[in-house]
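In: Have a look at this prediction, sequence included:
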Amino acid sequence: MNRTRIITKVSDMENPLIKTLKHVLERSAAAFPDRHALTFVNDIPLTYSELKKEVEDLSHVLHARGIVAGDRVAILGENMPNWGVAYFAVTTMGAVVVPILPEFHPNEIHHILRHSGCKALFVSEKLFDKLKDAECKECRTMVLLNNFHLIQPETTKEKVREFVESGRKKWSRMKETALRLARRTPKEVREEDLASIIYTSGTTGHSKGVMLTHRNIVANALATLETQEVTEKDRLLSLLPLSHAYECTLGLVIPVTQGACVYYLSKPPTPSVLLPALAEVKPTMILAVPLIIEKIVKQKIFPRFTRKALVRGLYRLTPIRKTLHQIAGKKLYATFGGQLRFFGIGGAPLSAEVELFLREARFPYAIGYGLTETSPLISGSAPAQTRYRSAGKPLSNAEVRVQNPDPKTGEGEIWTRGECVMKGYFNDPGRTAEALTGDGWFKTGDLGVLDRDGYLFIRGRLKNVILGPSGENIYPEEIENVLNASDLVLESLVYQDQGQIAARVHLNYEMLDREAEKHHWTETRIQEQIDSLLEKIRLSVNEKVSSFSRINRIIEQPEPFEKTPTQKIKRYLYA
């Protein structure tokens with residue numbers, strides 16, 4: 001007998017004027033024509049009226065190149081204002097955008113272009129080399145994302161650089177043709193039309209093309225706004241790849257819907273680039289993955305509490321710990337520009353000790369949960385409504401079911417149904433049937449529990465569960481949480497090896513280097529210390545977990561684990 005617990009809500013934010021991405025852009029251009037929309041940090045921003053004009057011009061050019069409603073158009077590029085222009089240009093003309101993650105291997109990129117049958121491609125100068133030797137017979141139009149210059153597949157890297165430096169858009173003749181074509185009545189974009197195919201980079205190593213409609217994306221954006229307000233006065237600093245559903249819906253579509261401004265970095269977000277940008281933009285909102293904030297807290301803040309014996313002793317006292325956290329939190333808040341009111345965290349689990357610090361520091365964080373297949377958000381909260389270790393409450397237009405919950409713990413697989421659930425996997429009816437039930441429920445593959453107040457708690461991935469010696473369910477993520485609580489552990493991976501529980505650990509080598517320098521350790525001595533440290537960590541963890549969850553063997557992972565774009569470890573490479 002199936003036992004389920006369901007939370008169902010009906011959205012009260014029905015807006016008949018906003019049903020498609022075309023409606024989103026048109027409404028914002030009319031409501032906020034002179035507000036800043038998209039820009040690089042320290043650059044001249046596009047206003048909403050200019051954004052709409054750029055989008056329309058680019059749509060006309062694509063039309064002149066033979067792109068029609070339903071055709072697939074890929075975007076391969078790092079974050080920049082033109083990424084958003086291309087995204088809306090494709091979707092507002094009824095074509096289907098195929099965002100490609102910059103981190104993908106060239107072979108995977110080539111596969112996506114072939115599998116999706118793309119007829120056009122936007123590519124940035126930095127990623128142009130990844131197209132070398134790509135065979136995509138249907139892809140007859142290639143556009144340089146940096147300045148929308150039309151290029152040929154055989155164009156050299158040097159020529160591409162010249163096009164970027166010239167800054168010119170090679171549109172003139174084609175635009176005239178496009179404008180003549182535009183006089184024809186365009187196909188109306190409907191909410192049930194396909195808007196995007198996003199190829200996921202999961203922890204299993206198998207890429208799938210998730211089909212999202214206009215309704216999926218727009219409904220998810222509007223429902224998210226019921227949870228967290230965004231206004232035309234907000235400033236977002238974009239740190240995550242736009243080709244991921246998390247940043248695309250929450251970090252692009254939502255701010256455009258509300259007339260807010262999104263700032264992009266022209267270089268990777270290293271401290272030397274990020275800190276001046278934060279000071280310049282003074283963002284009110286940021287979307288992040290756990291690794292970003294965990295690195296800051298574990299490498300820059302926690303060591304201050306453990307370096308000296310006296311402070312370390314006082315830190316163990318709850319009232320003093322909270323005071324120290326609040327002092328450090330004020331400094332962290334100032335580092336982020338001093339005007340932050342929402343720091344969203346998603347894509348992977350946040351470590352318990354870092355979340356405790358953020359809570360006690362009164363830092364405006366919030367945790368959300370979702371998947372590409374759900375456009376992406378399923379649950380979340382505003383900072384004031386967060387609950388420790390929870391992923392918030394389900395969105396108003398999402399039904400959430402815990403399938404076959406354990407009678408003792410209430411844990412089961414999370415299923416969801418609603419407007420945000422994908423149409424299916426592109427050209428993959430087999431995997432679509434596995435993921436979606438006949439009555440519309442999507443099986444997330446995640447284990448979780450709903451509390452009495454409707455808050456969702458994620459326990460881990462169903463496929464990662466280890467069966468204990470007496471049939472117990474062992475969740476690797478929970479053991480990893482205990483491992484990561486150590487100041488000397490940056491990240492870890494727990495798995496089953498020959499019937500026993502093993503762990504790989506990537507240590508905080510900055511802290512170890514300071515100790516080695518302080519005590520003048522030799523290379524041999526350093527390795528002896530690491531071996532001893534790993535054993536101490538193993539014993540310490542085993543004191544804090546159930547007897548059937550104890551680690552038998554712990555291994556040093558010298559290099560950081562290879563991860564997906566949302567910084568989840570690719571388990572299949574190690575376990």
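Out: Looks like it came in fine. Numbers count the residues shown, from 1 in each chain.
In: And for the helix ranked longest in the chain, what's in contact with it?
Out: If you go by DSSP state H, the chain has its longest helix at helix 523-542. Helix 523-542 has contacts (CB atoms under 8 Å, 6 or more residues apart in numbering) with 479, 482-483, 486, 488-489, 503, 505, 507, 512, 515-516, 521, 550-551, 553-556. No exception for glycine: its C-beta is placed from N, CA and C like everyone else's.
In: same thing but at 6 Å, please
Out: Residues from elsewhere that reach helix 523-542 (CB atoms under 6 Å, 6 or more residues apart in numbering): 482, 483, 486, 516, 550, 551, 554.
In: for the helix or strand just after that helix, which positions count as buried?
Out: With elements assigned by DSSP states H and E, the helix or strand that comes after helix 523-542 is strand 553-556. Applying a neighbour-count criterion of 16 or more other CB atoms under 10 Å, one finds residue 554 buried in strand 553-556.
In: can you check stretch 333-352 too?
Out: 333, 336-337, 340, 342-351.
In: swap in stretch 275-289?
Out: Here stretch 275-289 shows 277, 278, 281, 283, 284, 285, 286, 287, 288, 289 as buried, counting by 16+ other CB under 10 Å.
In: returning to what we had before: in CSV, list the contacts of helix 523-542 along with pLDDT and distance to residue 242.
Out: Output for those, formatted as CSV (pLDDT from 0 to 100; distance: CB to CB, whole Å):
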residue, pLDDT, distance to residue 242
482, 94, 35
483, 95, 32
486, 90, 35
516, 89, 41
550, 96, 43
551, 97, 39
554, 96, 38
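In: tell me which of these is nearest to residue 474?
Out: Closest approach to residue 474 among these (CB to CB): residue 550, at 9.8 Å.
In: residues touching that closest one, list them.
Out: The neighbours of residue 550, taking CB under 6 Å, 6+ apart as the test, are residue 542.
In: Residue 574 versus that one, what's the distance?
Out: 20 Å (CB to CB, to the nearest Å).
In: what do you get for residue 214?
Out: Separation of residue 214 from residue 574 (CB to CB): 39 Å.
In: ditto for residue 119
Out: 39 Å.
In: on that earlier part again, and the buried residues of stretch 275-289, which is closest to residue 428?
Out: Distances from residue 428 to the buried residues of stretch 275-289, taken as CB to CB, are shortest for residue 289 (26.8 Å).
In: That closest one against residue 567, yeah?
Out: Yes - look at residue 289 against residue 567 with CB atoms under 6 Å: they come within range, at 4.4 Å.
In: list the residues that contact both of those two?
Out: With contacts defined as CB under 6 Å, 6+ apart, the residues shared by residue 289 and residue 567 are residue 348.
In: CA atoms only for stretch 331-345, dumped as PDB, please.
Out: What follows is stretch 331-345, C-alpha atoms only, in PDB (Å, rounded to 0.1, in the frame of the first residue of the first chain):
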ATOM      1  CA  LYS A 331      32.200  42.000   8.500                       C
ATOM      2  CA  LEU A 332      31.000  39.400   6.000                       C
ATOM      3  CA  TYR A 333      28.000  41.500   5.200                       C
ATOM      4  CA  ALA A 334      30.200  44.500   4.600                       C
ATOM      5  CA  THR A 335      32.400  42.500   2.300                       C
ATOM      6  CA  PHE A 336      29.300  41.700   0.100                       C
ATOM      7  CA  GLY A 337      28.700  45.400  -0.300                       C
ATOM      8  CA  GLY A 338      26.600  46.200   2.800                       C
ATOM      9  CA  GLN A 339      23.200  46.300   1.100                       C
ATOM     10  CA  LEU A 340      22.500  42.600   0.600                       C
ATOM     11  CA  ARG A 341      19.000  41.500   1.500                       C
ATOM     12  CA  PHE A 342      18.900  38.000  -0.200                       C
ATOM     13  CA  PHE A 343      21.700  35.500  -0.600                       C
ATOM     14  CA  GLY A 344      20.100  32.400  -2.200                       C
ATOM     15  CA  ILE A 345      21.800  29.100  -1.900                       C
END
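In: Low-confidence stretches in this structure?
Out: For the chain, applying pLDDT under 70 flags the ranges 1-16, 167-186, 201-206.
In: and the next element down the chain from the strand or helix carrying residue 478?
Out: Per DSSP H and E, residue 478 falls inside helix 476-484. Moving toward the C-terminus from helix 476-484, the next helix or strand (DSSP H and E) is strand 489-497.
In: any idea of the angle that next one forms with helix 523-542?
Out: Counting by axes from the mean of the first three to the mean of the last three CA atoms, to 10 degrees, strand 489-497 lies at 70 degrees to helix 523-542.
In: other SSEs contacting strand 489-497?
Out: Strand 489-497 is packed against helix 476-484, strand 500-507, with contacts defined by 3 or more CB pairs under 6 Å, 6 or more residues apart in numbering; DSSP states H and E.
In: Can you check which of these gets nearest to residue 233?
Out: helix 476-484 (36.8 Å).
In: Report the inter-axis angle for the closest one versus strand 500-507.
Out: Using the same axes, to 10 degrees: helix 476-484 against strand 500-507 is 40 degrees.
In: Contacts for helix 476-484 next, please.
Out: 349, 351, 352, 460, 464, 489, 492, 494, 541, 544, 545, 549.
In: rerun that using 7 Å as the cut-off
Out: Counting by CB atoms under 7 Å, 6 or more residues apart in numbering, helix 476-484 makes contact with 349, 351-352, 460, 464, 466, 489, 491-495, 503, 505, 537, 541, 544-545, 549, 551, all of which sit outside it.
In: quick one: that helix to chain centroid distance?
Out: 21 Å (CA atoms, centre = their mean, to the nearest Å).
In: Around residue 91, how many other residues sit close by?
Out: Other residues within reach of residue 91, judged by other CB atoms under 10 Å, total 27.
In: The strand or helix carrying it - contacts with which helices or strands?
Out: Per DSSP H and E, residue 91 falls inside helix 81-92. Helix 81-92 sits against helix 21-31, strand 36-40, helix 48-64, strand 72-76, strand 96-100, with contacts defined as 3 or more CB pairs under 7 Å, 6 or more residues apart in numbering; DSSP states H and E.
In: Try it again at 6 Å.
Out: For helix 81-92, the elements it packs on are helix 21-31, strand 36-40, helix 48-64, strand 96-100, judged by 3+ CB pairs under 6 Å, 6+ apart.
In: list the buried ones in it?
Out: 81, 82, 83, 84, 85, 86, 87, 88, 89, 90, 91, 92.
In: wait, what's in contact with the fourth one?
Out: What it means is residue 84. 38, 252.
In: cool, and the fifth one?
Out: The neighbourhood of residue 85, defined by CB under 6 Å, 6+ apart, consists of 54, 55.
In: just residue 420 next, same as before
Out: Applying CB under 6 Å, 6+ apart, the residues contacting residue 420 are 216, 219, 220, 374, 375.
In: Tell me the most packed of those residues, by neighbour count.
Out: residue 375 (34 neighbours).
In: shouldn't it be in contact with residue 221?
Out: No - contact status for residue 375 versus residue 221: not in contact, 8.4 Å apart, counting by CB under 6 Å.
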